[in-house]
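Visitor: with the sequence up front, the predicted model follows.
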Amino acid sequence: MTAVAVGFGFLAQTVAYAQDLAYVRSASSRSDEAQGHHGSAWLFHRGGVCYAATPRHLFIGEKGTHRDDRYARVVVVRPGRSSIEAQGDRCAVFRDHDLALVRVSGVADLADCGSVLIGQSSVDPLLAVAAEASLRTATESGSFVRRALGVRSARVNDPDHFWVSPSAERDELTRTMSGGHVTIQDRLAGFLLGVSDEHPTQGMAKVLRSDRVSVLLTRLFGDSSQASVDSPPCLRPTPDGPATAAALRTAATGNHVGANRAARDCGASVRAWSSPPISPAFRPDHLVGVAEASGRWRAQAAEEVTVDVRLCGPISSPISRLRFVTSGCPSEDNASTDVEVIVLGPSLTPVTSLGYARVPASGVVEIGGAPVLGRDLRLRFITRSQGSGPVCAGPLFVE
């Protein structure tokens, strides 16, 4: 992952689906793209939940750094169709392997999450005869790139990995290609972990075998894994699963649930945010589709925090009013904060401001005026004085 990472559930002899590929960018890479904390992922679903498997080093700092990201932006690649932007919450990291599991929110149809998680047969027969392979990586724009590889070695004392190198000098392998899918004879064989210093030959890259990944994930869901689990609930099935295709068809006809264009049931989603949530209990996607009495979004303190929301429907429609609740947010965090609602254009650049309001410690924020055509909104929270920064809000209602 249609596509963000490749799904774990395909039969041993089938070709990896294009919709199993995804692009993943960790939270810290928002402020420092040079760190290269982004790559590709393998999408699959289990128990009505969409997951992505991706290299651990995208989230955990290495070589003395202290980075420990828990959230990610996930772009599901769907060739021939528009990509899907979703939120990723890290579920677990594997201590002995460069692998992490991410739970993906905001994908409406499980068909966009690859296949169901099942076992995979050994790739040993492929490695015994293979000399050539193919690498497919996802891009932030919602597409994928292919490169030709040569299979260089599979060590007897390392049953979990093999090594590859680019077939052409111009196809240099870089760290940002981590998580890319390596196929041999049209079968998924492993996931690129990026160029490593472990191999003496320049340009060689390590690949984590896909059959080993399948075993690790199966053990994780079976409570027999040595992985570090961030949040046990993220491994549990959801009783409802993602929004159904029927709900999306309802959105396309303009019959929005409860007349709220920011409802998850009709396809609204949180597409981006500038500051990570404080904890999984305060996720950005709580701004859409959650009852007013329950979910809240709360981000880390900053002078300015933004959240981008895509409303229901396939095209821009008139927006006349927006409101959200702040009750349930700590009062000290909501003093001296203002919010501006900006309508974004097709290229996600600002078009016009719907309005501006002070965020109360507890109450309802309401902004409205003359109708403005729009589909994408940016909520811009601004801290006007010193303090921890009031970046907390309840669900949106847009009409």
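Guide: Arrived safely.

Visitor: low-scoring stretches of the stretch 101-250 of the chain, by residue?
Guide: Within the stretch 101-250 of the chain, the set of residues satisfying pLDDT under 70 comprises 118-119, 154-156, 195-202, 238-250.

Visitor: and the helices in it?
Guide: 124-129, 210-221, 245-252 (DSSP state H, counting those that start in this stretch).

Visitor: buried set for the longest one?
Guide: To tie it back to what came earlier, the one meant is helix 210-221. Ser210, Asp211, Arg212, Val213, Ser214, Leu216, Leu217, Thr218, Leu220, Phe221 (16 or more other CB atoms under 10 Å). (C-beta placed from N, C-alpha, C; glycine too.)

Visitor: of those, just say which sits nearest to Ala128.
Guide: Nearest to Ala128 among these: Asp211, at 13.7 Å, using CB to CB.

Visitor: wait, that closest one touches Leu127, no?
Guide: No - Asp211 lies out of contact with Leu127 (CB atoms under 8 Å); the separation is 10.4 Å.

Visitor: distance of the most centrally placed residue in the chain relative to Arg271?
Guide: Against the mean C-alpha coordinate of the chain, by CA atoms, centre = their mean, the closest residue is Val74 at 2.3 Å. Here the criterion is CB to CB, to the nearest Å. By it, Val74 lies 11 Å from Arg271.

Visitor: what number of residues lie near Thr174?
Guide: A count of nearby residues for Thr174, using other CB atoms under 10 Å, gives 12.

Visitor: contacting residues around Arg323?
Guide: Val364, Val365, Glu366, Ile367, Leu396, Phe397 (CB atoms under 8 Å, 6 or more residues apart in numbering).

Visitor: how long is stretch 203-216 from one end to the other?
Guide: End-to-end distance of stretch 203-216 (CA to CA, to the nearest Å): 28 Å.

Visitor: distance between that stretch and the chain's centre?
Guide: Mean C-alpha position of stretch 203-216 versus that of the full chain (CA atoms, centre = their mean, to the nearest Å) differs by 21 Å.

Visitor: filter the contacts of Arg323 down to the buried ones, PyMOL style.
Guide: In PyMOL, a selection of the buried entries from those looks like this (16+ other CB under 10 Å):
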select buried, resi 365+367+396+397
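
Visitor: could you dump the contacts of Arg323 into TSV with distance to His38 added?
Guide: Converted to TSV, the contacts of Arg323 look like this (distance: CB to CB, whole Å):
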residue	distance to His38
Val364	38
Val365	33
Glu366	37
Ile367	34
Leu396	28
Phe397	34
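
Visitor: next step: the contacts of Arg323 restricted to strands.
Guide: Val364, Val365, Glu366, Ile367, Leu396, Phe397 (DSSP state E).
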